[in-house]
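Undergrad: Take this sequence and fold it.
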Amino acid sequence: MIMWILTRVGVLLLDQLRVVFNINYLGGYMKKLLSNVRDVILNEDRLIIVLVLAEDCMEHETGLEHELRPMVESNEIPLRVLRVCFDANNMPWPRPMTECVYYFAPKKFNPLFLRTGLEAVRRFEDDIKIASKMMDGVSYDEASFDDEGVKLIDETEEMFDSESTKELPPTTKMLRNFAKDMWKSAKSAGKGLPVLVPAEIATERYTICEGCPKLTEEFRCTECGCFMKKKTQLAQSSCPIGKWSEFNKE
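TA: Below is the predicted model:
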């Protein structure tokens, strides 16, 4: 059975029990709210997801909820759903991140992971399975990727770690920061991990591109249409006019 719990500013509905808070100090309210959510999680035996919402969630079901509800109701994994709604007219500062979905293992208040916006909808069926595996002590990487993916993660992050001990030139540092952001995004999404080249290879490629008349001021190649800050980082990429080729570490 799936239990929907509605939690919102000023009112907490918990298993049909209505509790009204008369707390003027918002910081005090937030502590109380978190305390109630924590109590639910620490006393639950099922996987818990917490929907954090805003805007018109006080009066209406949000778009995120509308998309998630049929998937939640058809889901076969034992699940508890909490709905936390922030009133747009009484929004705390700093503003909480909305709309998003947090996944919690039972009796543990540190979230397993979270998704935001439409990604929470697109990834829901996979995320439920990932969270269930993590409840058994499996890491996020092991729950999200196959053996080849986990191996790629280990190798790539070992490469980043070794580079962090070096004094990198400004161009190389800029390229690697871009590569790390790209890597984190793909890893967080749980799919589509890119195979990246070492820093020196990316810099060598990009230096060639900087001297090429086909590179625009927006760092885009007019021959292939690619953004070269990204393309020069990818192992299986190659220059369309043959100035640099695919990288094979073997």
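
Undergrad: and Val84, what element?
TA: If you go by DSSP states H and E, Val84 is part of strand 79-85.

Undergrad: Can you list the strands that that strand pairs with?
TA: Paired neighbours of strand 79-85 in the sheet (DSSP bridges): strand 3-8 (parallel), strand 47-53 (parallel).

Undergrad: Lowest average pLDDT across these?
TA: Among the strands paired with strand 79-85, strand 3-8 has the lowest mean pLDDT, at a mean of 44.

Undergrad: Against Arg38, how distant is Ala105?
TA: Note on Ala105: its distance to Arg38, by CB to CB, to the nearest Å, is 13 Å. Yep, even glycine has a C-beta here, placed from its N, CA and C like the rest.

Undergrad: give the contact list for Ser132.
TA: For Ser132, the contact set (CB atoms under 8 Å, 6 or more residues apart in numbering) comprises 47, 77.

Undergrad: Please repeat the previous calculation with a cut-off of 10 Å.
TA: Shown in contact with Ser132 (CB atoms under 10 Å, 6 or more residues apart in numbering): 47, 77-79, 103, 105, 112, 138, 143.

Undergrad: can you tell me how far it sits from Ile49?
TA: Ser132 is 12 Å from Ile49, by CB to CB.

Undergrad: so what's in contact with these two at the same time?
TA: Shared contacts of Ser132 and Ile49 (CB under 10 Å, 6+ apart): 79, 103, 112.

Undergrad: Give me the more crowded residue out of Ala105 and Arg38.
TA: Ala105 (20 against 12; other CB atoms under 10 Å).

Undergrad: How many residues are close by the nearest residue to the more buried one once chain neighbours are set aside?
TA: For Ala105, ignoring the flanking residues on the chain, the nearest one in space by CB to CB, 6 or more residues apart in numbering is Met135 at 4.7 Å. By other CB under 10 Å, 18 other residues sit near Met135.

Undergrad: Double-check Met135 against Leu79; I have them as touching.
TA: No. With contacts counted by CB atoms under 10 Å, Met135 stays clear of Leu79, the gap being 11.3 Å.

Undergrad: shared neighbours, those two?
TA: Counting by CB under 10 Å, 6+ apart, the residues touching both Met135 and Leu79 are 46-47.

Undergrad: Contacts only, for Thr62.
TA: Going by CB under 10 Å, 6+ apart, the list of residues near Thr62 reads 51, 53-56, 68, 83, 85, 98-99.

Undergrad: ok, how many other residues are close to Thr222?
TA: Count around Thr222 with other CB under 10 Å applied: 11.

Undergrad: mind listing what it touches?
TA: Counting by CB under 10 Å, 6+ apart, Thr222 has contacts 212-216, 240.

Undergrad: Which of those residues are buried, as a ChimeraX select command?
TA: Command for ChimeraX that selects the buried part of the contacts of Thr222, burial taken from 16 or more other CB atoms under 10 Å:
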select :215
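
Undergrad: Report the beta-bridge partner residues of Thr116.
TA: Thr116 has these beta-bridge partners by DSSP bridges: Cys100.

Undergrad: measure the nearest residue to Leu112 once chain neighbours are set aside to Glu59 for me?
TA: In space, and not counting its chain neighbours, Leu112 is closest to Tyr103: 4.5 Å by CB to CB, 6+ apart. Counting by CB to CB, the separation of Tyr103 from Glu59 is 27 Å.

Undergrad: And for Leu118?
TA: 22 Å.

Undergrad: Longest helix of this protein, counting residues only.
TA: Longest helix in the chain by number of residues, with DSSP state H as the criterion: helix 170-189.

Undergrad: Flag every buried residue along the next helix or strand after that helix.
TA: Per DSSP H and E, helix 170-189 leads on to helix 199-210 as the next helix or strand towards the C-terminus. By neighbour count on 16+ other CB under 10 Å, the buried set for helix 199-210 is 199, 201-203, 205-206, 209.

Undergrad: On the three-state scheme, Ile153 is what?
TA: In three-state terms, and counting by DSSP: H, G, I helix; E, B strand; the rest coil, Ile153 is helix.
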